[in-house]
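Undergrad: Kindly return the folded structure for what I paste below:
(chains A and B)
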Amino acid sequence: MRVWLYLGIAVGLAGIGAVLHGAMPSSRDDRIVQSANPEDGKVIGGVFVSDYFNLSYRLSDELTEGLAGPPPSQSGYYVLGTWTPKRDFAGTVLVVAQDMFFTPAPSDDVKYVVAEFRQVMSAVDGMTIDREPAPVSVGGHPGYRIDFSGVGLFRSTFAIEIRCHVVTFNLTSRDPESLASLAGSLDTLGSARKEEVPDPVPECLKDYASENIVSRVEPEGVGAKAVSIPVRMIVATDGSVKHVHVIRASAAQRRNIEEAVRQWKFKPYVKQGHPVEVETGVMFNLKPANT
Amino acid sequence: METIKLARARTLAGLAAMLLGTAAWSGTALAQVVSNPTTSAATANTNAANANADTNAATANAAGRGQNNNSSSASSRAPTDPGVRGGDPGAGGALPGLNDVERQYFDVAKDVFQEVDAAADGLGPTFNLDSCSGCHSQPTIGGTSPATNPQVAVATLMGAKNVVPSFITANGPIREARFVRNRDGSPDGGVHGLFVITGRSDAPGCNIAQPNFAAELARNNVVFRIPTPVFGLGLVENISDGALEASLAANAQQKRALGISGRFNRNGNDGTIARFGWKAQNKSLLLFSGEAYNVEMGITNELFQNERNSDPACQFKVTPNDSTPLVSENTASPSASFQNDIDLFAAFMRFSAPPTPASATATPVAQATGASNVTAGQTTGTATGASTASSATSTMVASATADVSSVLATAAGASTAQPSSSAASGASVTRGNQVFSNVGCQACHTKTFTTEKSPLTGQSNVTIQPFSDFAVHEMGTGLADGVSQGTANGNEFRTAPLWGVGQRIFFLHDGRTKDLHEAIQQHASRGSEANAVINNYNLLSRDDKQSLINYLRSL
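TA: Sure thing, here's the model as predicted:
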């Protein structure tokens, strides 16, 4: 009898430990990644963690979490986090993301985004481009960096692309040394998941819905106002919709859109002979009822 | 028996532990109990979706709630707002270039805008003031809230017995009051007139009561709005939707690096962009006029035909109170003689010139203690750029930075301001223009637009500098009023146009401050699109903050 007891305890502890320490593949990771949304990132123990973007970013000891940003925008824009000085340090960090599904070409490409940003900033009176856009790697993600300064503020923007979003780290300081310190903090950028876990991220495909919907149910009762409502969804390998993210809408609009979209059916996406889950977006452009 | 029971219990415990362990290996049990980000995420979403409904924004004077206190110590000393710019108002006249017929029409419209109405004209039964110009008077007719609040005197005018609510003071801003919610908890958001005509000698028999503002204040249910200036609004009306959309998109990448998005408050009938009022809730100047005539003065009209309080004992004129005259009223303008009041109010706004910035008037400039920190190199280099940019963009509004010539530190609230030389003033204002653009103010306070073809003489394709994108933005819990209008929610406000801001006394939608530095700081709070810009502002040197304030006072 005692053998059974000890054996059970040992197996139980080993199993728990394996999951907690990420030594084993876990279906939990899969669910987190697929049901997390871009705005769900949070700071835990001085580390910013985003399950959706699979990012972890250890904050500088000199910074503290700043005021929360606005809710996701009507164009799929997110303020993921803001960090401001604790005491005398003169710098801030702003991390944002723009959903490329809802950005017209050619602005849906990270290289173009940075080039466009450079053009806009160079036109600002008194602004100097200190470092032309150049390729960099941030947390293993390829992207671009641009530095600029004006009126005593030294700034750097790092832009990378993750899951069809352009994620930018915007660093601002009062002197070049502080800016370098902030830029160095990006070296701590890593993965939110254990590397042993197979990547469960769906293939992100812009406009997949436009040509691959088999059946579509329109949402009810949300057509009274002229508003655009961006919606992301994950299509399962059988063509059903397994996750719906209504990015910005009223509670009633959100509920109705979720109910409708969950009934949609897509052609399953096949890549190299295998069915693959797809993440895509649809913009609901609701017109006034009487037009 | 006890031994057998114990053995069985140990066996069951062991099996349970094995099952637990197996479940853990398959990732379905304890890991989720210990930490379930999915659940957390769902909760966060729910909160976000309900944020508007839950916003407790009733305390309009909740200045500082959720505010950003992270300005670093090296630049923590606040700049000094030199106060209202003195000298010529530089506003209130007709658009330059109008022909004689149009100017006559404007002059009559301006007179009607200043008419004081009584019960026999339709005033009330509830109202906030008895004339348009009473509210719109700073720095001149068509402006905003004056230094002395006329609402205190009108409360008891002609024998009225109104109690002046606690949020109306002699030296405070003119305010309208909105209740956030009805007694049953459903959304209200409407204006509740401060006063009633009960007791006035021109309203015999009317016996309605004032709303109980003290009770609503105690319920944290009252929010306020102050009058918006109306100068130059015809030109704003004549900006195409396409130009507004292009402007919002033009600097989108800069906005995205600052946490800013913004959207338009579109009209529910035709889907075009509404652009007037604190939440861009009014589509046109005519609609603005009609709504204000009924809501602020209680005078029904051809757009808003029905009395808000229909107690028959309180009606002293036919309904609607104002209608189009079919017989000439013999004014100086034959055209205006056949117009109703709201058409003339709209015409006054439509024909009025934008405010003139400091290039033609005096600018009070507070001297930065370390003004020499604005180095010669910076000043020389930036002044050139600024004047070039200004000459390229402004035809209707002269550059605010090109020709600041005199200094008056005697304006209200300028007791701590120190006069500086005119050269230093010009340099500070020029530097402030750069600061305005560099920290990101101009991402929303868009400087320049060009109008469409206009039916008015000389007003086609005019370049104006309203300093607004006319979009609404999430402004956070600190400014939120919990009132939804059109597609703007309780946290959203239209970017306030800054032309003429140098001559305004009260700032922000509820007039909570007279200090521009404080008004800037109030842009930051939890959930605001302006947080990153205010962080930039807080990183500035004290001198650059001062230059920004001086620049704003030059507008």
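Undergrad: pLDDT value on residue B:426, please?
TA: For residue B:426, the model assigns a pLDDT of 89.
Undergrad: Can you show me the strands along chain B?
TA: B:126-127, B:176-179, B:195-196, B:222-225, B:265-266, B:273-274, B:449-450, B:463-464, B:472-474, B:492-494 (DSSP state E).
Undergrad: what comes up buried for stretch B:437-457?
TA: Buried positions in stretch B:437-457, judged by neighbour count with 16 or more other CB atoms under 10 Å in any protein chain shown: B:437-451, B:454, B:456. (Glycine included, C-beta is placed from N, CA and C.)
Undergrad: Can I get it as CSV, trimmed to CA atoms?
TA: Extracted as CSV, the C-alpha positions of stretch B:437-457 are listed here (Å, rounded to 0.1, in the frame of the first residue of the first chain):
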residue,chain,number,x,y,z
SER,B,437,5.6,70.3,-32.8
ASN,B,438,8.4,68.3,-31.3
VAL,B,439,6.7,66.9,-28.2
GLY,B,440,3.6,66.0,-30.3
CYS,B,441,1.0,68.6,-29.5
GLN,B,442,0.5,69.2,-33.2
ALA,B,443,-0.3,65.5,-33.8
CYS,B,444,-3.8,66.3,-32.7
HIS,B,445,-3.9,70.1,-32.5
THR,B,446,-3.3,70.2,-36.3
LYS,B,447,-2.2,73.6,-37.4
THR,B,448,-3.3,74.0,-41.0
PHE,B,449,-6.3,73.2,-43.2
THR,B,450,-7.5,74.6,-46.5
THR,B,451,-11.1,75.2,-47.1
GLU,B,452,-13.3,74.2,-50.1
LYS,B,453,-14.9,76.5,-52.6
SER,B,454,-17.2,78.9,-50.7
PRO,B,455,-20.4,80.8,-51.7
LEU,B,456,-19.0,83.7,-49.7
THR,B,457,-16.8,86.3,-51.5
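Undergrad: where do the helices sit along the stretch 101-250 of chain A?
TA: A:110-122, A:176-185, A:208-212 (DSSP state H, counting those that start in this stretch).
Undergrad: what's the closest of these to residue B:533?
TA: For residue B:533, the closest of the helices of the stretch 101-250 of chain A is helix A:110-122, at 14.4 Å, according to CB to CB.
Undergrad: per-domain residue ranges of chain A.
TA: Domains of chain A are assigned by automatic domain parsing as A:1-35, A:36-188, A:203-286.
Undergrad: In contact with residue B:339, which residues?
TA: By CB atoms under 8 Å, 6 or more residues apart in numbering or on different chains, the contact set of residue B:339 is B:324-325, B:347.
Undergrad: which residues of the chain score low on pLDDT?
TA: Answering for chain A, as no chain was given. A:1-34, A:194-199, A:221-226, A:286-291 (pLDDT under 70).
Undergrad: meant chain B actually
TA: B:1-76, B:359-424.
Undergrad: From residue A:236, how far out is residue A:242?
TA: Noted for residue A:242: a distance of 4 Å to residue A:236, by CB to CB, to the nearest Å.
Undergrad: shared neighbours, the two?
TA: Joint contacts of residue A:242 and residue A:236 (CB under 8 Å, 6+ apart) are residue A:277.
Undergrad: and residue A:94, bridged to which residues?
TA: Beta-bridge pairing of residue A:94 under DSSP bridges involves residue A:82, residue A:170.
Undergrad: I'd assumed residue A:78 was in contact with it.
TA: No. With contacts counted by CB atoms under 8 Å, residue A:94 stays clear of residue A:78, the gap being 11.4 Å.
Undergrad: For the two, indicate the residue with more neighbours.
TA: Neighbour count, other CB atoms under 10 Å in any protein chain shown: between residue A:94 and residue A:78, residue A:78 has more, with 29 against 25.
Undergrad: how close does the more buried one get to residue B:425?
TA: With CB to CB as the criterion, residue A:78 and residue B:425 are 42 Å apart.
Undergrad: just residue B:138 next, same as before
TA: From residue B:138 over to residue B:425 (counting by CB to CB), the distance is 23 Å.
Undergrad: ok, now which ones touch residue B:261?
TA: A:70, A:73-75, A:77, B:255, B:473-474, B:529.
Undergrad: For the closest residue to residue B:152 other than its chain neighbours, grab phi and psi.
TA: Closest residue to residue B:152 apart from its sequence neighbours, by CB to CB, 6 or more residues apart in numbering or on different chains: residue B:170 at 5.2 Å. Note on residue B:170: its backbone torsions stand at phi -60, psi -40 [degrees, to the nearest 10].
Undergrad: what number of residues lie near residue B:170?
TA: 12.
Undergrad: so which of the strands of chain B is the most packed in?
TA: Counting by mean count of other CB atoms under 10 Å in any protein chain shown, strand B:195-196 has the highest mean neighbour count of those, with a mean of 28.
Undergrad: other SSEs contacting that strand?
TA: strand B:126-127 (3 or more CB pairs under 8 Å, 6 or more residues apart in numbering or on different chains; DSSP states H and E).
Undergrad: Any idea how far the strand it packs on is from the middle of the chain?
TA: Centre-to-centre, strand B:126-127 and its host chain are 23 Å apart (CA atoms, centre = their mean, to the nearest Å).
Undergrad: picking up where we left off before, let's have the contacts of residue B:339 in CSV, adding distance to chain A and neighbour count.
TA: Converted to CSV, the contacts of residue B:339 look like this (distance: CB to the nearest CB, whole Å; neighbours: other CB atoms under 10 Å in any protein chain shown):
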residue, distance to chain A, neighbour count
B:324, 27, 12
B:325, 33, 12
B:347, 29, 26
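Undergrad: Which single one of these is nearest to residue A:65?
TA: Of the contacts of residue B:339, the one sitting nearest to residue A:65 (CB to CB) turns out to be residue B:347, at 52.1 Å.
Undergrad: Hmm, residue B:106 and that closest one touching each other?
TA: Yes. The pair residue B:347 and residue B:106 passes the contact test of CB under 8 Å, sitting 6.8 Å apart.
Undergrad: who's in contact with residue B:181?
TA: Counting by CB under 8 Å, 6+ apart, the residues that residue B:181 touches are B:187-188, B:221, B:482.
Undergrad: Show me the beta-bridge partners of it.
TA: Assigned bridge partners for residue B:181, using DSSP bridges, are residue B:187.
Undergrad: Please name the bridge partners of residue A:65.
TA: According to DSSP bridges, beta-bridge pairing links residue A:65 with residue A:83.
Undergrad: I'd like to know how far it sits from chain B.
TA: Counting by CB to the nearest CB, to the nearest Å, the gap from residue A:65 to chain B is 10 Å.
Undergrad: cool, residue A:142 as well?
TA: Residue A:142 is 19 Å from chain B, by CB to the nearest CB.
Undergrad: Look up the closest residue to residue B:275, ignoring the ones flanking it.
TA: residue B:470 is the one closest to residue B:275 (CB to CB, 6+ apart), at 4.4 Å.
Undergrad: Neighbours of that neighbour, how many?
TA: Counted with other CB under 10 Å, residue B:470 comes out at 26.
Undergrad: Same question for the one 10 residues further on.
TA: Number of residues near residue B:480 (other CB under 10 Å) recorded here: 29.
Undergrad: again, but for residue B:503
TA: Neighbour number of residue B:503 under other CB under 10 Å is 27.
Undergrad: For whatever residue of the stretch 151-300 of chain B ends up closest to chain A, give me phi and psi.
TA: Using CB to the nearest CB, the single residue of the stretch 151-300 of chain B nearest to chain A is residue B:261, 3.5 Å away. Backbone torsions of residue B:261, given as degrees, to the nearest 10, read phi -130, psi -80.
Undergrad: separation between it and residue B:115?
TA: Distance, residue B:261 to residue B:115, by CB to CB: 43 Å.
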